[in-house]
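> sequence and predicted structure, then a few things I'm wondering about:
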Amino acid sequence: MQVGSDGVVTGQYSNGGTQVFGTIALANFVNPQGLVPMSGNVWAASTGSGPATTGAPGTAALGQLEAGALEGSNVDLSTQLVNLITAQQAYQANVQSINIEQQNFQRLLTIQ
């Protein structure tokens, strides 16, 4: 099975024959933030999102398909991991400070 950049899905049989199974359609909305979340990672159109503009890839200002490619991340994972560790250490230091302040407050209350 192959998916072309134009969205056409074709299959090749063991006898060498090929057949077009269909075309992948893309949709766009005037306000994607207005889509309503449903269960199972499904989104539904609403009056806030406006009606869907559908079509084949590359038409009507819709996106393109990249056949045979995996989605890549635009995030530097090592930088994000270092930032996460730094934030965790800062959080732990803050928690320790709060615990010390609570202990000091308890001591102050027992003195009076």
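Arrived safely, thanks for sending.
> residue 7: neighbour count?
Here the number of neighbours of residue 7 (other C-beta atoms under 10 Å) works out to 20. C-beta: built from backbone N, CA, C; applies to glycine.
> got the residue ranges for the helices in the protein?
Under the criterion DSSP state H, the chain contains helices at 77-111.
> how is this structure carved up into domains?
Following automatic domain parsing, one gets these domains for the chain: 1-70, 73-112.
> out of those, which is the most enclosed?
Comparing the domains of the chain by mean neighbour count (mean count of other C-beta atoms under 10 Å), domain 1-70 comes out on top with a mean of 12.
> what's the offset of that domain from the middle of its chain?
Distance of domain 1-70 from its chain centroid, counting by C-alpha atoms, centre = their mean, to the nearest Å, is 17 Å.
> adjust the sequence numbering to begin at 446 for everything that follows.
Taking 446 as the first residue, the last one we looked at is domain 446-515.
> before we move on, back to that, kindly reformat the domains of the chain as TSV containing mean pLDDT.
Converted to TSV, these look like this (pLDDT from 0 to 100):
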stretch	mean pLDDT
domain 446-515	88
domain 518-557	89
